[in-house]
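Chemist: The following comprises the amino acid sequence and a computationally predicted model.
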Amino acid sequence: MKKIILIVLGLAFSCNTAQKTVSEVSNTVKEVDPVVFGESITQNELKEHLYIYASDEFEGRETGQPGQKKAVAYLKSQYETLGIPAAKKDGDYFQKVPLEVAKVPKGSIEINDAVFQIGEDAVTFDAASGTYNEVVYVGYGIEEESYSDYEGVDVSGKLVLIKSGEPTNDDGTYMLSGTNKKSDWSNMSEAMGKKSSLAADKGAVGVLYYDTQNYLRFKGYFDFMKNNDSGKMSLREEVTNSFIVLLNQNSASAIIKDIEKNNTAVVVSSSIKLNATSGNDQISSENVVAIIKGSEKPNEYIVVSSHLDHIGVTSDGQINNGADDDGSGSVALLEIAEAFKMAKEAGQGPKRSIVFLHVTGEEKGLLGSKYYTDYDPILPLSQTVANLNIDMIGRIDPKREGDRNYLYLIGSDKLSTDLHNLSEEVNKKYTNIEFDYTYNDENDPNRFYYRSDHYNFAKNNIPIIFYFNGTHEDYHRPGDTPDKINYDLLENRTRLVFYTAWEVANRENKVVVDKVSK
């Protein structure tokens, strides 16, 4: 707050030296360069915030846990101190996000008298029970305009078996594209959800999913959750009775011996008994949402976001402080908010409204941002101009070669050429950061575009930019502490987001959406 007073006084003195009229002062203030406010974002204040926010006192900020409650209380207190109001009409900074945790299941799956233990030859994060005399095998479980594994097959009320991948032609090209390029149906991060959702839409009660490439990855999640006595967290609105059980080669071949080669849909007579039991706990968590109203177009919104949560405490008591992930984004938002507040106090408030959205449950599956966009948008998505999402901007990716003054940009051109060009121009004008678009590639195996909170805006055709420094040796580990942050880089990167938001908020026309979300 002290900075705000000093800048306003400075502007007032500079404008009154010749005893100007009120209108002349007003006109002079309106011409103030945004750098005046951008330079209020400093290493020292970012560091001061982060040493608190990523301290042991906050216990790793795990969703729904006491440390996360301390985090949201801290964020709320900062907005109150700055005099920036809550976005909700009732004045509450907290948007309640109702969650439910399904504990890691225990039990087994019995296939034709062979017993496979959950956590060994089968993995599931859902309760799954029942006895079935048959399973409907639908090959890859894909349906497109020109191709369907469900043609002539009824799966309503049935248990369905699906395998990963997609069909190929005799020459090795992919049938769906006709080229060597895979489709989203083969993507490691998305395919299982896409195929199981399709099966559920067709009435399947549950899915057995065979995926050798992904099996060890999910078994790793299962083992981690089991060892830490945690479970699968979901939005309460999305909890259903359907289930997905992942099978490895041992368990899948007990149903269809040649499943690797067999692509033909068929009803298989098998005795399958599912006995995976789990208990569900309800969790209370919150997004924190504040707003600076626009001076000319208050009903158009730029959402600047970061996730407030992290992964908490390990089973051996080590705290994962999450200074970079995403403490860096959280404190960046506070500094950006203060810079905009200074502008407003100086008569230079943004023309469009700026929304500061700190979301919970990112580490559990982008849950807080999904709740905001899909279930309870506090401000209408139809009037949301853009989302600038900050997730890890305080470190350096050791795999990257070149200048340390860089930043990975993801998604800036996915929906809006206009936003992408604006972003480039702003950077050249103000911050001169080297933009690295490596992870913006459609074929990037990391699929970061789908892995942070901006995606829930992008899927609603809202233009986004995702700011990211890449992973490092302390990613999701206790070593992600505030002493390892590069505060000079954090300062410049935070200023970049501020200047970009400034330009989006103050330009005459909204950024143009000229592409369709995938």
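Modeler: Structure received.
Chemist: residues contacting Gly411?
Modeler: Residues near Gly411 by C-beta atoms under 8 Å, 6 or more residues apart in numbering: Asn440, Tyr449, His454, Ala458, Ile464, Ile465, Phe466. All C-beta atoms are positioned from the backbone trio N, CA, C, and that covers glycine.
Chemist: Narrow these to those in strands?
Modeler: Ile464, Ile465, Phe466 (DSSP state E).
Chemist: Please look at the second one and Asp391 and confirm they touch.
Modeler: Just to be clear, that refers to Ile465. No: assessed by C-beta atoms under 8 Å, Ile465 is found out of contact with Asp391, at 11.3 Å.
Chemist: When these two are compared, which one has more neighbours?
Modeler: Ile465 (27 against 24; other C-beta atoms under 10 Å).
Chemist: How about the more buried one: what's its closest non-neighbour residue?
Modeler: Among residues not flanking Ile465 along the chain, Ser412 sits closest, at 4.6 Å (C-beta to C-beta, 6 or more residues apart in numbering).
Chemist: separation between Ser253 and Gly361?
Modeler: Distance from Ser253 to Gly361, counting by C-beta to C-beta, to the nearest Å: 37 Å.
Chemist: should've said Glu151
Modeler: 38 Å.
Chemist: Look at the two and report which has more neighbours.
Modeler: Gly361 (28 against 9).
Chemist: need the contact list for the more buried one.
Modeler: Thr63, Val97, Leu99, Met233, Ser285, His307, Asp309, Leu367, Gly368, Tyr371.
Chemist: average pLDDT for stretch 297-316?
Modeler: Mean pLDDT, computed over stretch 297-316, is 96.
Chemist: Check stretch 483-491 too.
Modeler: Stretch 483-491 comes out at a mean pLDDT of 98.
Chemist: from the chain's centre, how far out does it sit?
Modeler: Centroid separation for stretch 483-491 versus its chain: 22 Å, with C-alpha atoms, centre = their mean, to the nearest Å.
Chemist: ranges for the strands of the stretch 201-350 of the chain?
Modeler: 206-210, 231-235, 244-247, 266-277, 280-292, 297-307 (DSSP state E, counting those that start in this stretch).
Chemist: Which parts of the longest one count as buried, going by neighbours?
Modeler: Which is strand 280-292. Within strand 280-292, the residues that count as buried by 16 or more other C-beta atoms under 10 Å are Ile283, Ser285, Glu286, Asn287, Val288, Val289, Ala290, Ile291, Ile292.
Chemist: residues in contact with the closest residue to Gly327 other than its chain neighbours?
Modeler: Sequence neighbours aside, Ala54 is the residue nearest to Gly327 in space, at 4.0 Å (criterion: C-beta to C-beta, 6+ apart). Ala54 is in contact with Asn321, Gly322, Ala323, Gly327, Asp480, Thr481, Pro482, counting by C-beta under 8 Å, 6+ apart.
Chemist: could you measure the third one against Ser305, distance?
Modeler: Same thing as Ala323. 18 Å.
Chemist: So which of those two has more stuff around it?
Modeler: Shown here are Ala323 and Ser305; by other C-beta under 10 Å, Ser305 has more neighbours (31 against 27).
Chemist: nearest spatial neighbour of the more buried one, skipping sequence neighbours?
Modeler: Leu357 (4.3 Å).
Chemist: got it, and Val512?
Modeler: Asp418 (4.3 Å).
Chemist: Tell me how many other residues surround the one you found.
Modeler: 19.
Chemist: Can you check my assumption that it lies in a strand?
Modeler: No: counting by DSSP: H, G, I helix; E, B strand; the rest coil, Asp418 is located in no strand; its state is helix.
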